[in-house]
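Asker: From the sequence below, what's the structure:
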Amino acid sequence: MTDWIAELQLLPGVLYAMALGGAIGYERELKNRPAGFRTHMLVAGTASLLLGLSLFVLEHERYAGEGLQIDPLRLVEAVIAGVSFIGAGTIFASRGGRGVEGITTAASLLMVAAIGITVGFRYYVLALAITLLALVVLTMLRWLERRPRRQTRDARPAVDDGDDETGADLVRRAGKP
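Answerer: Have a look, this model is predicted:
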């Protein structure tokens, strides 16, 4: 018989991870990004559930004598690979090939996966702190990107002596006594 009460102990952690992921997703949703509120919630919840399940299996006496080998860190790698695939779908080259859009959203998906993993490992306060830090980066630091960028200067000699000698001419002349 399944110990369903023990299984339900994973639920608060998954809900917590989804709430934290949802906070970041809501910020992305407000900016009309390709992955928003629901996507971020699902990524964080999935990461938390998978890690929580792996710890549950490791700790539960039901699986003690079955020779089961579970490495939660391998599961972390699988979560990161899966989320990276989803994140790649949010990145697009802008029209005209002058830039790329969606990198911040892809990074935020990776961040909520890491937050979900953190919750899955039962580091609840750390997960909250990282969520708040991510929200600061996504909202308050945006002003850095809006600042006018300095224009690059041409790499031309500061002194023009009127001589139109090329670099090759200078090398040839330097080799002759």
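Asker: Next, count neighbours for residue 146.
Answerer: The tally of other residues near residue 146 (other CB atoms under 10 Å) stands at 6. C-betas here are computed from N, CA, C, even on glycine.
Asker: Could you pull out the helices in the chain for me?
Answerer: Along the chain, counting by DSSP state H, helices occupy 4-8, 11-30, 37-59, 72-88, 103-120, 124-139, 142-146, 167-175.
Asker: Out of those helices, which gets nearest to residue 95?
Answerer: With CB to CB as the measure, helix 103-120 is the member of the helices of the chain nearest residue 95 (16.4 Å).
Asker: Name the residues of the closest one that are buried.
Answerer: 104-120 (16 or more other CB atoms under 10 Å).
Asker: which residues sit in contact with the residue lying closest to residue 78 once chain neighbours are set aside?
Answerer: Counting by CB to CB, 6 or more residues apart in numbering, residue 50 is the residue found nearest to residue 78 once chain neighbours are left out, at 7.8 Å. Residues near residue 50 by CB atoms under 8 Å, 6 or more residues apart in numbering: 75, 78, 79, 120.
Asker: and the gap between residue 50 and residue 72?
Answerer: 9 Å (CB to CB, to the nearest Å).
Asker: Kindly report the same for residue 32.
Answerer: For residue 32, the distance to residue 72 equals 36 Å [CB to CB].
Asker: which of the two has more neighbours?
Answerer: Neighbour count, other CB under 10 Å: between residue 32 and residue 72, residue 72 has more, with 17 against 7.
Asker: And the more buried one, how far from residue 106?
Answerer: 24 Å.
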